[in-house]
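pasted the sequence and its predicted model underneath.
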Amino acid sequence: MADHDKHGAAVDAELSSLASQLEALIRRIEDLAIEAASIDSNEITDRTGLHEVERHLRSALRELNRARRA
């Protein structure tokens with residue numbers, strides 16, 4: 001295997017690992033948002049913030065997956 005191929009495989013493995021970590025982080029944020037929604041609180045902005053973070057992480061995951069396919 002050429003050095004270029006080895007480097008490409010290493011980069012793909014790293015990107016795959018990052019994608020898995022992002023997916024796990026998104027699940028954790030979702031869980032926090034659900035938990036925050038179940039608490040009787042006037043802190044709507046906290047839940048909105050969590051949903052905003054989740055939205056940005058999902059966008060980052062989509063971009064990462066596009067980069068992996070390129």
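Received it, and whenever you're ready, just let me know what you need. Residues are numbered from 1 along each chain as shown.

just checking, residue 61 touches residue 20?
No: the pair residue 61 / residue 20 is not scored as a contact, 10.0 Å apart, by CB atoms under 8 Å. Every C-beta, even on glycine, is put in place using the N, C-alpha and C of the backbone.

more neighbours, those two?
In this view residue 61 and residue 20 are compared by other CB atoms under 10 Å, and residue 61 has more residues nearby, 17 against 10.

and for residue 26, nearest residue in space, chain neighbours not counted?
Of all residues not flanking residue 26 in the chain, residue 57 sits nearest, at 5.0 Å (CB to CB, 6 or more residues apart in numbering).

check contacts around the one you found.
Shown in contact with residue 57 (CB atoms under 8 Å, 6 or more residues apart in numbering): 22, 25-26, 29.

does it lie in a helix or a strand, and which?
Using DSSP states H and E, residue 57 sits in helix 44-69.

could you pull out the buried residues of that helix?
Judged by neighbour count (16 or more other CB atoms under 10 Å), helix 44-69 contains these buried residues: 47, 50, 54, 57, 61.

pull the most distant pair out of these.
Pairwise distances among the buried residues of helix 44-69 were taken by CB to CB; the largest, 20.9 Å, belongs to 47 and 61.

and the longest helix that the chain contains with helix 44-69, angle?
Scanning the chain for the helix with the most residues, using DSSP state H, yields helix 3-38. For helix 3-38 against helix 44-69, the angle by axes from the mean of the first three to the mean of the last three CA atoms, to 10 degrees is 160 degrees.

now for helix 3-38, which elements pack on it?
If you count contacts as 3 or more CB pairs under 8 Å, 6 or more residues apart in numbering; DSSP states H and E, helix 3-38 packs onto helix 44-69.

any idea how far the residue minimising distance to the centre of the chain is from residue 36?
Compute the mean C-alpha point of the chain, and by CA atoms, centre = their mean the closest residue is residue 22, 2.8 Å away. As for residue 22, its distance to residue 36 is 21 Å (criterion: CB to CB, to the nearest Å).

thanks again, I'm all set now.
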